[in-house]
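In: one predicted model, sequence on top.
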Amino acid sequence: MPVKTFSSAVFGIEATTITVEVNITSGTRYYIVGLPDNAVRESMLRVESAVNTCQFHMPRQKIVVNLAPADIRKEGSSYDLAIAIGILSASGQLEGAATGAYLILGELSLDGSIQPVRGALPIAIQARREKFKGIILPKANAREAAIVSDLEIYGAENLLQVIEFFKGAGSLKPTVVDTRDEFFSNINNYKTDFADVKGQENIKRALEIAAAGGHNAILIGPPGSGKTMLAKRLPTILPPLNLHEALETTKIHSVAGKLSATDSLMTIRPFRSPHHTISDVALVGGGAYPQPGEISLAHNGVLFLDELPEFKRSVLEVMRQPLEERRVTISRSRLTVDYPASFMLIASMNPCPCGYYNHPDKECTCPPGAVQKYLSKVSGPLLDRIDLHVEVTPVNFTELSSDRPAESSEAIRERVMRAREIQAKRFEGMSDIYCNAQMDAGTLRKICRINEAGQLLLKKAMERLGLSARAYDRIIKVSRTVADLTGSEDIKIEHLAEAIHYRSLDREGWAG
């Protein structure tokens, strides 16, 4: 008589329950059906060795394992444990065990030990939704799954522990994690701080504006001027993750297999800094078996692209749509998955190939036209989605050697959070708009009123500095954030003037 156990598969960041049906009849071969990939087909060899190692016997009969629903492709090795328990139950070695009350997942080694799997958190969420009593999974994934309440989580180290558990004589104890205590005790636990940065007050100000309004920014300056150091500290001044954001971020990293055995819940905003040799698939996600890319791993955090012109143009262009929609859709012939990608883009670059164009002390050695050719590697449509262009100058010796303490990230973060609270009230009731950078054209015209003096300043800026038309909306959005930081209800001339200052790359003749 067929026996059923239950496992799970992850598609995108959501899980689907898989029923593992095992039937043993007369014959001599093993079969796995239900669209298994090579890793699943090979599982019978791992299961046989693990079962024999645990002093149980693998039936020398025809074994048919069906993974239902049969029209969904099954990938990976996480079905090993469920198949092994199903075979032992169908052969009478686990007769009467309540295997159907639990989701079972884990990869078996030949000696019966259980290896970790990906996606434990979304699987646990789906298990609770479908009213399972609990989950049996690798011990390395137990803390990750245990942040889901009202579900028994058992982390096992080997197959024998799972067999004994179902026989009622095991020593497995449920893993318990206090989600709220875990979240609030580790929130904002950053190792870096803006207090470490000497000088560069104008750059800190620009990054404060970027954090307050959720604006994308690009830092342009010579080597050694502190661009990377400043960018790495941006997450420390962003508002703390709320519990919903933490769960969503943890789900993505769980699916990608980026959580360690000691991790349960991500409590700080992610900071991703891929190398410039990255492929477009690695950046946005995808592959033969779709996985989240760097832009999804940076969800609710910061994506930092160091030396922006060195990235392949095709890699940069695929970011344009996710930057607007804050989501990336990966389509394949048999399935379509969505990954969230709401991140702040921070990029850095040298002003020219040699790095010293506009340097106060060193001469640029680039030949005529080289600067413009270098900057043209970054397309206009991508720059159109970057609100702040910030020129970074080297720090002089006096500032570097000064003992005067710099402002801490905590002090800057408090101002950022006050500005975000103003925006939360402003956009209350509006779907998918949480900060100034996300305003569409209609909302911008409705909310950001510019007086006559401000319009005159904008007109002069467009004419005298050669600003492009695409810079107009960006300037208004940034000026609205500057006004929020000062607590002003209206956008004043000084707010507009500061926003105009952050459009370096739109100026005609900036690159010679």
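Out: Ah, there it is.
In: the top strand by length along the chain: which residues count as buried?
Out: Secondary structure of the chain per DSSP state E: the longest strand is strand 14-25. Across strand 14-25, burial judged by 16 or more other CB atoms under 10 Å covers 14-15, 17-22, 24. Where you see a C-beta, it was placed from the backbone N, CA and C, and this is true even at glycine.
In: using a markdown table, lay out these together with distance to Arg272 and pLDDT.
Out: Output for the buried residues of strand 14-25, formatted as a markdown table (distance: CB to CB, whole Å; pLDDT from 0 to 100):
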| residue | distance to Arg272 | pLDDT |
| --- | --- | --- |
| Glu14 | 22 | 89 |
| Ala15 | 24 | 92 |
| Thr17 | 31 | 95 |
| Ile18 | 31 | 96 |
| Thr19 | 37 | 96 |
| Val20 | 36 | 96 |
| Glu21 | 41 | 95 |
| Val22 | 42 | 95 |
| Ile24 | 48 | 93 |
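In: of all those residues, which comes closest to Leu172?
Out: Val20 (20.3 Å; CB to CB).
In: partner residues bridging the closest one?
Out: With DSSP bridges applied, Val20 shows beta-bridge pairing to Thr5, Leu67.
In: contacts only, for it.
Out: Val20 makes contact with 4-7, 65-67, 79, 82-83, 86 under the criterion CB atoms under 8 Å, 6 or more residues apart in numbering.
In: just curious, which of those residues is nearest to Glu324?
Out: Closest approach between these and Glu324, by CB to CB: Ser7, at 37.6 Å.
In: quick check: that closest one vs Ser254, distance?
Out: Noted for Ser7: a distance of 16 Å to Ser254, by CB to CB, to the nearest Å.
In: now Val40: phi and psi?
Out: Main-chain torsions, Val40, degrees, to the nearest 10: phi -70, psi -40.
In: endpoints of stretch 83-100, how far apart?
Out: Taking CA to CA, to the nearest Å, stretch 83-100 runs 13 Å from one end to the other.
In: what residues sit buried inside it?
Out: Neighbour-count burial for stretch 83-100, counted by 16+ other CB under 10 Å, picks out 83-91, 93-94, 97, 99.
In: any figure for the gap between Ala231 and Gly221?
Out: For Ala231, the distance to Gly221 (CB to CB) stands at 11 Å.
In: now do Gly86
Out: 61 Å.
In: most centrally placed residue in the protein?
Out: In the chain, the centroid-proximal residue (CA atoms, centre = their mean) is Leu297; its distance is 2.1 Å.
In: Ser254 is in contact with that one, correct?
Out: No - the pair Leu297 / Ser254 is not scored as a contact, 11.1 Å apart, by CB atoms under 8 Å.
In: where in the stretch 251-400 of the chain is pLDDT low?
Out: Of all residues in the stretch 251-400 of the chain, those with pLDDT under 70 make up the ranges 261.
In: what are the ranges of the helices in it?
Out: Under the criterion DSSP state H, counting those that start in this stretch, the stretch 251-400 of the chain contains helices at 280-284, 294-297, 313-317, 320-325, 370-375, 380-383, 397-400.
In: helices and strands around the helix or strand where Ala82 lies, which ones?
Out: Element membership for Ala82, per DSSP states H and E: helix 80-90. Secondary-structure packing of helix 80-90 (3 or more CB pairs under 8 Å, 6 or more residues apart in numbering; DSSP states H and E): strand 3-11, strand 14-25, helix 43-53, strand 62-68, strand 102-104, strand 107-108, helix 159-166.
In: which residues sit against stretch 245-262?
Out: Stretch 245-262 has contacts (CB under 8 Å, 6+ apart) with 10, 12-13, 116, 118-122, 125, 139-141, 143-144, 147, 183, 241, 265-267, 269-270, 291-292, 296-297, 299-301, 339-340.
In: any chance of JSON lines for the helices of the stretch 251-400 of the chain, columns distance to Asn350?
Out: Below are those laid out as JSON lines (distance: least, CB to CB, whole Å):
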{"stretch": "helix 280-284", "distance to Asn350": "21"}
{"stretch": "helix 294-297", "distance to Asn350": "22"}
{"stretch": "helix 313-317", "distance to Asn350": "16"}
{"stretch": "helix 320-325", "distance to Asn350": "23"}
{"stretch": "helix 370-375", "distance to Asn350": "8"}
{"stretch": "helix 380-383", "distance to Asn350": "16"}
{"stretch": "helix 397-400", "distance to Asn350": "21"}
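In: hmm, Thr179 is touching Ala145, no?
Out: No - at 11.6 Å, Thr179 and Ala145 do not qualify as touching, with contact defined as CB under 8 Å.
In: and the two? which has more neighbours close in?
Out: Applying other CB atoms under 10 Å to Thr179 and Ala145 shows that Ala145 carries more neighbours, namely 29 against 16.
In: residues in contact with the more buried one?
Out: Ala145 makes contacts with 120-121, 123-124, 135, 137, 151, 153, 175, as judged by CB under 8 Å, 6+ apart.
In: ranges for the strands of the stretch 101-250 of the chain?
Out: 102-104, 107-108, 114-115, 134-138, 152-156, 217-220 (DSSP state E, counting those that start in this stretch).
In: hang on, the earlier thing: ok, which pair from the buried residues of stretch 83-100 is furthest apart?
Out: Spanning the widest gap among these are Ile83 and Ala97, at 15.0 Å by CB to CB.
In: number of nearby residues for the residue lying closest to Arg474 once chain neighbours are set aside?
Out: Closest residue in space to Arg474, ignoring its immediate chain neighbours: Asp387 at 4.8 Å, by CB to CB, 6 or more residues apart in numbering. Here the number of neighbours of Asp387 (other CB under 10 Å) works out to 26.
In: quick one: contacts for Asp387?
Out: So Asp387 contacts 210, 213, 215-217, 437, 474, 477-478, 502 (CB under 8 Å, 6+ apart).
In: which of the residues you listed has the most neighbours?
Out: Comparing these by number of neighbours (other CB under 10 Å), Val478 comes first, having 30 neighbours.
In: that one should be in a helix, yeah?
Out: Yes - the assignment for Val478 by DSSP: H, G, I helix; E, B strand; the rest coil puts it in a helix.
In: right, and it touches His215 too?
Out: Yes - the pair formed by Val478 and His215 meets the contact definition of CB under 8 Å, at 6.2 Å.
In: give the contact list for Asp181.
Out: Contacts of Asp181 (CB under 8 Å, 6+ apart): none.
In: for the nearest residue to Ser273 once chain neighbours are set aside, list each beta-bridge partner.
Out: The shortest distance from Ser273 to any non-neighbouring residue, by CB to CB, 6+ apart, is to Phe304 (4.4 Å). Beta-bridge pairing for Phe304 (DSSP bridges): Ile346.
In: again, but for Phe11
Out: Counting by DSSP bridges, Phe11 is bridged to Glu14.
In: tell me if I'm right that it and Tyr339 touch.
Out: No - assessed by CB under 8 Å, Phe11 is found out of contact with Tyr339, at 10.9 Å.
In: out of those two, which sits in the more crowded spot?
Out: With other CB under 10 Å as the criterion, Phe11 and Tyr339 differ in neighbour count, and Tyr339 comes out ahead with 25 against 18.
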